[in-house]
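Enquirer: everything below, folded, please.
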Amino acid sequence: MEFGIVLRQGVNYAPKLIDLVRDQDSDIPPEGRSVLHILAEMLNELMAKISGLDSVIARRVKADRAVKRLMTVPGIGPITATALMALTAAARDGCQEADVPRFRYEPILLKKSDFGLRA
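Expert: Next up, the predicted model:
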């Protein structure tokens with residue numbers, strides 16, 4: 001279903017979408033509004049959970065000097081620095097190799113037949 005409403009993609013534009021769904025004067029028909037209202041509420045809940053996790057990560061960053069040092073490397077922010085520290089702590093504490101996730105790049109080779117196409 002299309003309603004002729006154009007919004008930009010991305011998390012920064014989600015609140016505008018939610019406001020539009022809640023606005024009874026918008027051009028969204030009632031049939032679509034009920035479904036979009038459910039999706040908007042789910043999006044609100046998800047954004048609240050993400051905000052809570054961001055707060056937890058921010059508290060951990062403030063408490064850990066090593067994480068702060070990692071963040072001085074260009075391209076490494078609080079999430080990456082916290083994840084790296086968690087992985088190094090797991091390795092330091094003697095976890096088996098199988099317990100630590102692998103983050104190396106392994107290309108996946110696909111063939112036309114994987115998509116039901118003839119070679």
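
Enquirer: so the most centrally placed residue in the chain is in which element?
Expert: Residue closest to the average C-alpha location in the chain (Cα atoms, centre = their mean): I50, at 8.1 Å. For I50, the enclosing helix or strand under DSSP states H and E is helix 30-63.

Enquirer: C-terminal to that helix, what's the next element?
Expert: helix 65-70.

Enquirer: go through that next one and flag the buried ones.
Expert: V67, L70 (16 or more other Cβ atoms under 10 Å). For every residue, glycine as well, the C-beta is placed using N, CA and C.

Enquirer: how about stretch 48-65?
Expert: Across stretch 48-65, burial judged by 16+ other Cβ under 10 Å covers I57, V61.

Enquirer: can you dump the C-alpha atoms of stretch 26-41 in CSV for me?
Expert: The C-alpha coordinates for stretch 26-41 follow below in CSV (Å, rounded to 0.1, in the frame of the first residue of the first chain):
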residue,chain,number,x,y,z
SER,A,26,-2.4,13.3,7.8
ASP,A,27,-3.4,11.8,4.5
ILE,A,28,-3.0,8.2,5.8
PRO,A,29,-6.3,6.3,5.4
PRO,A,30,-7.7,4.6,8.6
GLU,A,31,-7.0,1.1,7.3
GLY,A,32,-3.3,1.9,6.9
ARG,A,33,-3.1,4.0,10.1
SER,A,34,-4.0,1.1,12.3
VAL,A,35,-1.2,-1.1,10.9
LEU,A,36,1.3,1.8,10.9
HIS,A,37,0.4,2.7,14.4
ILE,A,38,1.4,-0.8,15.6
LEU,A,39,4.7,-0.5,13.7
ALA,A,40,5.3,2.9,15.1
GLU,A,41,4.8,1.7,18.7
